[in-house]
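Student: Sequence and computational prediction follow.
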Amino acid sequence: MDVSTTGTQIIDSMNNHLEAIFLKRQAPQICLNRPETIASFLVASKLARDCGNRDLEQTLLLIGKERDEKPDSDPNDALGGYFHDLVEYVRLFDETLQLFSRLAIMESISIDAGAVMRLHACRERFNELEPSLFHKLFLADLMGSRFTGSYGRRKVKTLLEGLQHISDGTANAVTVVERLIILEKEQRLLMFMLDCLRDNISKNYSRFASSNDMGVLKRLLLIDLRQKGMPVDDVPDELFRKGMDIIKKEALYRNNLLPMILRSGNRALREEFITESGLDLFFIEELEHEYCNTHQLAKEQLAVIRQPI
């Protein structure tokens, strides 16, 4: 069955469920507040968000409006408790999704120990509804997306490991934050390094071919970093090699492969490079924009090669 059709059916089924319970009062009370029902609602809500379907959102708003206008006589009624839980889980879903999205996409993110503990509590609550629901709702798509960069994946993975260590009692929230800060600083340093390296060698890599030349380049890099306000005493060798590897792959793509791909429309060659190079898609698309601007090429050419195969 087509995935989009299946998703639509799940959304419609949940929407019908909510209407039957709250608006038509047709569903039996026994189905209220069951963990699997709320878990199914959250999965349907995620599908709806992913495809831009607002039916569930509109139905919840309608239910809330009706309950405000015609409140039940019993403040502890089962319907009221069920609706409260649905709204509360929607709030937790939004809060958790926003944090993970920012962590995966943004270079710099401010997250403190309190936020880590709130996230830990959310993880526990979601997984109480259904084992692995937390992963299903927030991580499966995020970690599987080609738009999630390498550092985004590392930060999300570090946070998840930290949450598990908190559950096991082998770490605390402060330790998790410290590990995230280390990754953030490393990412920031690498971004500055790449800018400096591109200025020096992107168009003349042959000047820095020997190991001695690499030493000179590293010293120049350290000077540039300090001039740009990066308080570094030295550039770690492993990070320097990583930066050089990225620069070489960028040069290969920009100077050799990209012109060929644009001329021939060879999308398969582009996909092969993305897969084998390990470069973040962000880097590759930046190179493509820069190349088209430099050579005054129509942006439509990029749209052609970026179409899925």
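Tutor: Cool, got the structure.

Student: Asp234 versus the closest residue to Leu239 other than its chain neighbours, what's the distance?
Tutor: Of all residues not flanking Leu239 in the chain, Leu190 sits nearest, at 6.1 Å (Cβ to Cβ, 6 or more residues apart in numbering). C-beta here means a position set from N, CA and C on the backbone, and glycine is covered the same way. Applying Cβ to Cβ, to the nearest Å, the value for Leu190 to Asp234 is 14 Å.

Student: Who has more neighbours out of the two?
Tutor: Using other Cβ atoms under 10 Å, the more surrounded residue of Leu190 and Asp234 is Leu190, with 19 against 8.

Student: Would you confirm that that one contacts Gly243?
Tutor: Yes. Leu190 is within contact range of Gly243, at 6.1 Å (criterion: Cβ atoms under 8 Å).

Student: so which strand or helix has the residue nearest to Leu239?
Tutor: helix 173-201 (DSSP states H and E).

Student: can you pull the pLDDT of Asp2?
Tutor: Looking at Asp2, its pLDDT is 43.

Student: Residue ranges in the stretch 1-150 of the chain under the pLDDT threshold?
Tutor: The model of the stretch 1-150 of the chain has pLDDT under 70 over residues 1-5, 27-33, 71-76, 107-109.

Student: so where do the helices sit in it?
Tutor: Ranges of helices within the stretch 1-150 of the chain are 3-18, 35-50, 55-69, 78-105, 113-129, 133-138, 140-144, 150-168, based on DSSP state H, counting those that start in this stretch.

Student: Which stretch among those is buried most, on average?
Tutor: Comparing these by mean neighbour count (mean count of other Cβ atoms under 10 Å), helix 133-138 comes out on top with a mean of 20.

Student: same for that one, what does it pack against?
Tutor: Under the contact criterion of 3 or more Cβ pairs under 8 Å, 6 or more residues apart in numbering; DSSP states H and E, helix 133-138 touches helix 35-50, helix 78-105, helix 113-129.

Student: mind redoing it with 6 Å?
Tutor: helix 113-129 (3 or more Cβ pairs under 6 Å, 6 or more residues apart in numbering; DSSP states H and E).

Student: how deep is Arg34 tucked in, by neighbour count?
Tutor: Neighbourhood size, Arg34 [other Cβ under 10 Å]: 12.

Student: and the helices of the stretch 1-150 of the chain as JSON lines, adding distance to Leu258?
Tutor: JSON lines is the format used below for those (distance: least, Cβ to Cβ, whole Å):
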{"stretch": "helix 3-18", "distance to Leu258": "32"}
{"stretch": "helix 35-50", "distance to Leu258": "31"}
{"stretch": "helix 55-69", "distance to Leu258": "42"}
{"stretch": "helix 78-105", "distance to Leu258": "24"}
{"stretch": "helix 113-129", "distance to Leu258": "40"}
{"stretch": "helix 133-138", "distance to Leu258": "35"}
{"stretch": "helix 140-144", "distance to Leu258": "26"}
{"stretch": "helix 150-168", "distance to Leu258": "21"}
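
Student: domain assignment for the chain?
Tutor: 3-184, 236-309 (automatic domain parsing).

Student: Of the ones you listed, give the one that comes closest to Met230.
Tutor: domain 236-309 (12.3 Å; Cβ to Cβ).

Student: Figure out how far the closest one is from the centre of its chain.
Tutor: Here domain 236-309 is found 21 Å from its chain centre; the criterion is Cα atoms, centre = their mean, to the nearest Å.

Student: Next, the distance between the ends of that domain.
Tutor: Terminal residues of domain 236-309 lie 39 Å apart, using Cα to Cα, to the nearest Å.
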